[in-house]
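[1] sequence below, structure please.
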Amino acid sequence: MKAVWNNTVIAESDSTIVIEGNHYFPPESIKKEFFDESSTNTRCGWKGTASYYSIKIDGELNKDCAWYYPEPSEAATKIKGYIAFWKGVEVV
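    Residues are numbered from 1 along each chain as shown. You can find the predicted model right below:
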């Protein structure tokens, strides 16, 4: 699987985990040079508190388009640190 935004592959892995229709990419599969930590957090009732990344490529910013669970609930431990995408990031 590949995550693509702004004609650039930002993550690539053969071992994503699919939950609720989203592919979660292993942390080592992302191209960290495009990722900036965000102060945004949201809460999922069963996965826990999500943190976000914004992506910046060629001066264009996609705010909070990637999320992950740094300390997921016990029910979601298998995706700890794994990254999922939305807001125009294409996963193919």
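[2] only C-alpha atoms for contact and neighbour calcs from this point on.
    Will do.
[3] contacts only, for residue 29.
    11, 12, 13 (CA atoms under 8 Å, 6 or more residues apart in numbering).
[4] buried stuff in stretch 69-81?
    Residues 69, 70, 71, 72, 73, 79, 80, 81 are the ones in stretch 69-81 that count as buried (16 or more other CA atoms under 10 Å).
[5] inside strands: which ones of these?
    Among the buried residues of stretch 69-81, the subset assigned to strands under DSSP state E is empty.
[6] which pair of these spans the longest distance?
    73 and 81 (12.1 Å; CA to CA).
[7] residues near the residue nearest to residue 74 when sequence neighbours are not counted, how many?
    Among residues not flanking residue 74 along the chain, residue 47 sits closest, at 7.9 Å (CA to CA, 6 or more residues apart in numbering). Residues near residue 47, counting by other CA atoms under 10 Å, number 18.
[8] of the contacts of residue 29, which is the most crowded?
    Among the contacts of residue 29, residue 11 has the most neighbours (other CA under 10 Å), with 23 neighbours.
[9] did I read that right, it in a strand?
    Yes: using DSSP: H, G, I helix; E, B strand; the rest coil, the assignment for residue 11 is a strand.
[10] what residues are up against it?
    Per CA under 8 Å, 6+ apart, neighbours of residue 11: 2, 3, 4, 25, 29, 30, 31.
[11] show me which of those are buried.
    Buried members of the contacts of residue 11, scored by 16+ other CA under 10 Å, are 2, 3, 4, 25, 29, 30.
[12] export the residues you listed to a markdown table and append columns for pLDDT.
    Output for the buried ones among the contacts of residue 11, formatted as a markdown table (pLDDT from 0 to 100):
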| residue | pLDDT |
| --- | --- |
| 2 | 98 |
| 3 | 98 |
| 4 | 98 |
| 25 | 98 |
| 29 | 98 |
| 30 | 98 |
